[in-house]
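In: quick one: sequence plus predicted model below, questions after.
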Amino acid sequence: QVQLVESGGGLVQAGGSLRLSCTYSLSTYSIISMGWYHQAPGKQREPVAVIISNGSTRYADSVKGRFTISRDKGMNTVDLQMNSLKPEDTGVYYCCARVTWYEEGFRERDYWGQGTRVTVSS
């Protein structure tokens, strides 16, 4: 069974912090990467931060130095610490798992959570 559940969203003033958490269950799939994506109102979903299976991380330029992604393999969680929040960080944040498995060849797909809403007031 595959499940990703985000939590931690809410309302915060500009300059404040929030910590998002994604608890996941990915059956027997092998994880390639876990990531957080941001969808601002009226805009497309965009990647914010990704952590690869080897532990390396990637960040969107807009959040470098402010957001930190981390993963606890034992607890099956991936967190996004968001500091110095700005009004433009407002939107829905989605957790995504890119997985792979072997079935007549290697296959990949993404699984998504339902999202958690973040509102940053100015």
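Out: Okay, I see it.
In: after the lengthiest strand in the chain, next one along is what?
Out: Longest strand in the chain, counting residues (DSSP state E): strand 91-102. Downstream of strand 91-102, the first helix or strand assigned by DSSP states H and E is strand 106-112.
In: quick one: that next one to strand 91-102, angle?
Out: Between strand 106-112 and strand 91-102, the angle formed by their directions is 160 degrees, by axes from the mean of the first three to the mean of the last three CA atoms, to 10 degrees.
In: by contact count, what packs against the very next helix or strand once past strand 106-112?
Out: Toward the C-terminus, strand 106-112 is succeeded by strand 116-121 as the next helix or strand (DSSP H and E). Counting by 3 or more CB pairs under 8 Å, 6 or more residues apart in numbering; DSSP states H and E, the packing neighbours recorded for strand 116-121 are strand 10-13, strand 18-26, strand 91-102. Every C-beta, even on glycine, is put in place using the N, C-alpha and C of the backbone.
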